[in-house]
Structures are given as structure tokens and as C-alpha cells.
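Novice: Build the 3D model from these lines:
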Amino acid sequence: MRLSAQPARKPGSPKSIYSAPLQIEDVQIDENGDVTVSIIADDIYSKNSTQRYQITLTETEISILSRCAKRRFRA
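Specialist: Presented below is the predicted three-dimensional model:
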């Protein structure tokens, strides 16, 4: 899994802040079926700092990703 960041309001190059295989311990699924991926990645601005980043996807959003992946692999 890779994570990069770049400025939103002005031109700028993306900066890679994380690159490692997704691990099962990085993933949590709650009672509603929502999936949260949590990683510790480099800070955008400070070389000696890290931040915890989390993204939570609903079952519907996971289904959208799955459908898109299936279409891509069929082509």
C-alpha cells in the first residue's frame, strides 16, 4: 500500500509518506461493517515525526472498490 500527499491549493509534487504491504493488524471492522485502515506514516513537513492516518469505508464504499477492481481485471 502506498500513501502520498501533495498541496491541494497550489501546484506541487506528491511526496511519498508510506510504502509497505497492508497488514491484517492495520485493519479494523466495526459492528456496522465499516472498515478502518490505520497506518503510521511520515509527517508531511517534519523529517523526524510520524502521524497516524486512518481511512474508514462503509460496506457500500468497499463494494464500489470491489466492483471497480473486478471490471479492471476482466478487461
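
Novice: what's in contact with the lowest-mean-pLDDT helix or strand in the chain?
Specialist: Within the chain, no helix or strand scores below helix 59-74, which has a mean of 88 by mean pLDDT, DSSP states H and E. For helix 59-74, the surrounding residues in contact (CB atoms under 8 Å, 6 or more residues apart in numbering) are Asn32, Gly33, Asp34, Val35, Leu57. C-beta: built from backbone N, CA, C; applies to glycine.

Novice: Output the below-cut-off pLDDT ranges for the chain.
Specialist: 75 (pLDDT under 70).

Novice: any idea where the strands of it begin and end?
Specialist: Remark: strands assigned in the chain by DSSP state E are 2-5, 15-19, 27-29, 35-42, 50-57.

Novice: Rebuild these as a markdown table, extending it with distance to Arg74.
Specialist: Converted to a markdown table, those look like this (distance: least, CB to CB, whole Å):
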| stretch | distance to Arg74 |
| --- | --- |
| strand 2-5 | 24 |
| strand 15-19 | 28 |
| strand 27-29 | 26 |
| strand 35-42 | 24 |
| strand 50-57 | 22 |
